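Student: Predicted model, plus sequence, below.
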Amino acid sequence: MDIFIQLVINGLLLGGAYTIISLGLTLIFGVVRVVNFAHGEFLMIGMYLVYLIAAQFGVHPYLGLVPVAVILFALGALTQKGIIQPLLNADQHIQIFATVGVSTILLNLALVIFGANVYRAPVDLGTNAIDVGNYSMVTGQLITFVVGISLAVLLHLFMHRTYLGRALRAVAQHRYAATLMGVNVNNVYAIAFGLGTAFVGIAAGLLAPQYPVFPTVGTYFVLTAFVIVVLGGLGSLYGAVAGSMIIGIVDTLAGYYIAPDLKEVVYFGIFLLILVLRPNGLFGVGTE
């Protein structure tokens with residue numbers, strides 16, 4: 001029983017990282033209605049930036065995530081304004097191809113600049129652990145979990161208690177009605193895209209001390225995030241949190257009780273099952 005509880009704890013802690021990444025992904029889709037296939041490459045760029053700041057200037061990755069989040073916010077907003085905005089009235093497949101194009105450009109730039117080498121941030125929190133009774137929690141994962149849940153709460157308050165948050169929700173619900181109410185939809189889109197990419201900037205600072213940095217590092221996390229947002233419901237912030245915890249627990253349980261190499265098979269199987277039985281996900285929102 002102790003092993004099972006430890007695995008559940010590990011899964012919940014892992015869900016903290018998934019939460020941050022998935023919140024950004026679902027925020028972009030919920031407001032802009034674009035599936036951002038470059039999300040993983042933004043995470044990768046963020047982790048490289050955190051590594052460079054830590055290696056060159058001796059700044060702790062947790063402090064480095066602040067400027068990195070700001071840089072990625074700007075990069076996301078510029079991507080929305082320069083690439084996605086002109087295609088908003090185009091076929092959705094064209095929008096997807098555009099984000100795939102951004103993904104390919106960022107990946108190849110990373111390969112040209114950094115090569116296929118693996119880098120590690122000078123601070124390593126991947127193995128340090130805190131013991132509570134019979135159970136152990138990896139320090140980096142615990143910090144990431146706390147930050148992930150805190151960001152989810154702050155995002156909820158932001159979306160419901162501020163003018164800008166209500167504008168984001170209004171555009172997500174019906175962009176034409178929001179326009180009639182005086183909301184600058186194009187600016188809201190840029191802010192939503194920027195916030196979504198800023199979230200992976202925060203995730204980058206939290207993950208860099210735990211994981212190596214290389215050009216395809218974002219792929220695994222974001223493939224899992226896509227499963228999560230479909231499970232929780234595309235565009236649902238609550239679903240992103242719930243889905244992250246579910247997939248985190250499934251990840252650790254399947255890795256232990258079935259086989260580490262088959263855990264992806266298990267949660268991608270869940271992904272396909274949800275698509276068939278409940279296409280809108282557990283907390284799915286309707287389309288406009």
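Tutor: Okay, I see it. Numbering: from 1, shown residues only.
Student: just for the stretch 1-150 of the chain, where's the confidence low?
Tutor: Along the stretch 1-150 of the chain, segments meeting pLDDT under 70 span 124-127.
Student: What ranges does it have for its strands?
Tutor: 129-132, 135-138 (DSSP state E, counting those that start in this stretch).
Student: Check which strands are paired with the first one and give the direction for each one.
Tutor: The one in question is strand 129-132. Paired strands of strand 129-132, with direction, are strand 135-138 (antiparallel) (DSSP bridges).
Student: For the partner strand, what is the distance to the chain centroid?
Tutor: Computed by C-alpha atoms, centre = their mean, to the nearest Å, the chain-centroid distance of strand 135-138 equals 24 Å.
Student: Go through it and flag the buried ones.
Tutor: Going by neighbour count (16 or more other C-beta atoms under 10 Å), the buried part of strand 135-138 is M137, V138. Any C-beta I mention is one placed from the backbone N, CA and C, and that applies to glycine too.
Student: give me the number of residues near A172?
Tutor: 21 (other C-beta atoms under 10 Å).
Student: now it, what's its secondary structure?
Tutor: Secondary structure assignment for A172 (DSSP: H, G, I helix; E, B strand; the rest coil): helix.
Student: show me where this structure has helices.
Tutor: 2-32, 39-57, 61-79, 92-114, 139-161, 163-173, 175-180, 185-207, 217-232, 237-257, 263-277 (DSSP state H).
Student: Please work out which of the ones you listed is packed deepest.
Tutor: Of all these, helix 185-207 has the most neighbours on average by mean count of other C-beta atoms under 10 Å, namely a mean of 25.
Student: circling back to that earlier point, got a markdown table for the strands of the stretch 1-150 of the chain, with distance to H93 too?
Tutor: Formatted as a markdown table, the strands of the stretch 1-150 of the chain follow (distance: least, C-beta to C-beta, whole Å):
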| stretch | distance to H93 |
| --- | --- |
| strand 129-132 | 46 |
| strand 135-138 | 41 |
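Student: closest to L65 out of these?
Tutor: Evaluated with C-beta to C-beta, the strands of the stretch 1-150 of the chain place strand 135-138 nearest to L65, the distance being 18.3 Å.
Student: circling back to that earlier point, between the strands of the stretch 1-150 of the chain, which one is nearest to L262?
Tutor: When these are compared (using C-beta to C-beta), the closest one is strand 135-138, at 22.8 Å.
Student: Spit out the contact partners of V217.
Tutor: Each residue near V217 by C-beta atoms under 8 Å, 6 or more residues apart in numbering is listed here: L43, M44, M47, Y211.
Student: hmm, try it at 10 Å
Tutor: Contact analysis of V217 by C-beta atoms under 10 Å, 6 or more residues apart in numbering lists 40-41, 43-44, 46-48, 110, 118-119, 204, 207-208, 211.
Student: I figured R169 was touching L155, is that so?
Tutor: No - in this structure, R169 is not within contact of L155 by C-beta atoms under 10 Å, at 11.4 Å.
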